[in-house]
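Colleague: Coordinates only, no sequence provided:
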């Protein structure tokens, strides 16, 4: 425990806690302070000036990161006939209909994304109690209920990241690995910030994006200058 504390203390000494860094500079600090024996995930946390209890202040969406997430996403697809074939060819790990519902009801949970064609939603609706709490229920707003199931599967496999604001007004997501090139991580972080900025709801009042910070799985957070980060999303 002492060793861990020393490492974190040393990492924090390289960061000015009061400063708001540019995205590129923040990424460099996060990478230099990632000392774990595994390839840590780089995570972004954004504090928003919204109250998600109000429908007109809910923030959710999806962004295709230009350099992917660096992790393998296991996708299940609900589709039949020709659409099932399309999903399989696009790389879905499991494709099915009633049989897939039964499998998931029986305890199968080894997947990260659920995609469905619109006609499958009455069937998928039976899994609300299983998928809902995990944030996996397909939704047209984030492109997981769509007739173009092949593209949705490819997007999910290629680095599409869904985001949804939590009760405290915070959005967070993994946007890559510390082993990524610095510019690749910088572009991924920027793409994520841009997507959240563009998803500003009609009911948002005052300052929308209040704080942005990035960190690695085991590393300290680095605060980002919100004005410069949003410049490209204007």
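Modeller: That came through fine. Bear in mind that the values here come from a model prediction, so they are computed numbers and not experimental data.
Colleague: Do you know the pLDDT at residue 62?
Modeller: The confidence metric pLDDT takes the value 87 at residue 62.
Colleague: what do you get for residue 232?
Modeller: The per-residue pLDDT of residue 232 was computed as 63.
Colleague: ditto for residue 160
Modeller: For residue 160, the pLDDT comes out at 86.
Colleague: in the longest helix along the chain, what counts as buried?
Modeller: Longest helix in the chain by number of residues (criterion: DSSP state H): helix 182-198. In terms of neighbour count (16 or more other CB atoms under 10 Å), helix 182-198 has its buried residues at 184-197. In short, each C-beta sits where N, CA and C put it, glycine included.
Colleague: repeat for stretch 32-43
Modeller: Per 16+ other CB under 10 Å, stretch 32-43 contains these buried residues: 33-34, 40-43.
Colleague: Please produce a markdown table containing those, extended by distance to residue 155 and pLDDT.
Modeller: Listed next are these as a markdown table, based on distance: CB to CB, whole Å; pLDDT from 0 to 100:
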| residue | distance to residue 155 | pLDDT |
| --- | --- | --- |
| 33 | 31 | 88 |
| 34 | 27 | 88 |
| 40 | 25 | 94 |
| 41 | 20 | 94 |
| 42 | 20 | 96 |
| 43 | 21 | 95 |
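Colleague: From those, pick the one nearest residue 52.
Modeller: When these are compared for distance to residue 52 (CB to CB), residue 43 comes out closest, at 19.7 Å.
Colleague: From the chain's centroid, how far away is stretch 225-232?
Modeller: The chain centre lies 20 Å from the centre of stretch 225-232; the measure is CA atoms, centre = their mean, to the nearest Å.
Colleague: Show me the contact partners of that stretch.
Modeller: 20-23, 190, 193-194, 197, 209-212 (CB atoms under 8 Å, 6 or more residues apart in numbering).
Colleague: List the buried residues in it.
Modeller: Per 16+ other CB under 10 Å, stretch 225-232 contains these buried residues: 225-226, 229-230.
Colleague: thinking again about what came up before, could the contacts of stretch 225-232 be laid out in TSV, adding pLDDT and distance to residue 159?
Modeller: Compiled in TSV, these are given as follows (pLDDT from 0 to 100; distance: CB to CB, whole Å):
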residue	pLDDT	distance to residue 159
20	91	27
21	91	24
22	92	23
23	94	18
190	95	14
193	96	16
194	95	15
197	94	19
209	95	22
210	95	27
211	95	25
212	96	20
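Colleague: what about the strands in the chain?
Modeller: Listed in chain order, the strands of the chain (DSSP state E) span 41-48, 60-64, 75-78, 94-96, 113-116, 160-164, 170-177, 209-216, 222-224.
Colleague: Turn those strands into CSV, including distance to residue 130.
Modeller: Supplementary listing: the strands of the chain in CSV, determined by distance: least, CB to CB, whole Å:
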stretch, distance to residue 130
strand 41-48, 25
strand 60-64, 20
strand 75-78, 12
strand 94-96, 15
strand 113-116, 10
strand 160-164, 17
strand 170-177, 22
strand 209-216, 31
strand 222-224, 36
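Colleague: out of these, deepest packed?
Modeller: Ranked by mean neighbour count under mean count of other CB atoms under 10 Å, those are led by strand 75-78, which reaches a mean of 27.
Colleague: How far off centre is it?
Modeller: The chain centroid and the centroid of strand 75-78 are separated by 18 Å under CA atoms, centre = their mean.
Colleague: who does it touch, helix- and strand-wise?
Modeller: In terms of contact count using 3 or more CB pairs under 8 Å, 6 or more residues apart in numbering; DSSP states H and E, strand 75-78 is assigned the packing partners helix 81-90, strand 94-96, helix 98-105, strand 113-116, helix 149-158.
Colleague: do that again at 7 Å, thanks
Modeller: Judged by 3 or more CB pairs under 7 Å, 6 or more residues apart in numbering; DSSP states H and E, the packing partners of strand 75-78 are strand 94-96, strand 113-116, helix 149-158.
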